[in-house]
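**Student:** Would you be able to build a 3D model of this:
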Amino acid sequence: MMNKFSLMLMLCMAVVLALFTPSLGQPKYCPAPPIPRAGACGLGGQQDCFFKILAQYPASKMPKNIKCVNTGRDKSQCTADIVC
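**Tutor:** Just a heads-up that it's a prediction; the model follows:
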């Protein structure tokens, strides 16, 4: 009976520790190479960049900080940070 109790207690402690142990750290992000696009950012530029970045990088790269940046007359580029 005592062995079953000890085993259950150890199992419960292991589960609790696993739930509250911090993860191995946050992933390191680096700037992704900019993706050129035709036209100024305008109203739809941000959404267009969002889709371009998501099409360019897999989900494992976890893109964030996606932005449309005007680079000249009728030119812009999509920038983002991805996991290095």
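**Student:** Who are the contact partners of the spatially most central residue of the chain?
**Tutor:** In the chain, the centroid-proximal residue (CA atoms, centre = their mean) is residue 62; its distance is 2.6 Å. Shown in contact with residue 62 (CB atoms under 8 Å, 6 or more residues apart in numbering): 27, 82-83. Using the backbone N, CA and C atoms, a C-beta is placed for each residue, glycine as well.
**Student:** What are the boundaries of the helices in the chain?
**Tutor:** Secondary structure of the chain (DSSP state H): helices at 2-20, 45-56.
**Student:** ranking these by mean pLDDT, which is last?
**Tutor:** Mean pLDDT per stretch puts helix 2-20 lowest among the helices of the chain, at a mean of 61.
**Student:** Who is residue 36 paired with across the strands?
**Tutor:** Going by DSSP bridges, residue 36 is paired in beta bridges with residue 77.
**Student:** Run a quick check on it versus residue 74, I expect a contact.
**Tutor:** No: assessed by CB atoms under 8 Å, residue 36 is found out of contact with residue 74, at 11.7 Å.
**Student:** re the thing from before, the residue nearest to the centre of the chain and residue 41, how far apart?
**Tutor:** According to CB to CB, to the nearest Å, residue 62 stands 23 Å off from residue 41.
**Student:** again, but for residue 63
**Tutor:** Residue 63 is 17 Å from residue 41, by CB to CB.
**Student:** swap in residue 79?
**Tutor:** From residue 79 to residue 41 the distance is 11 Å (CB to CB).
**Student:** This completes my enquiry, with thanks.
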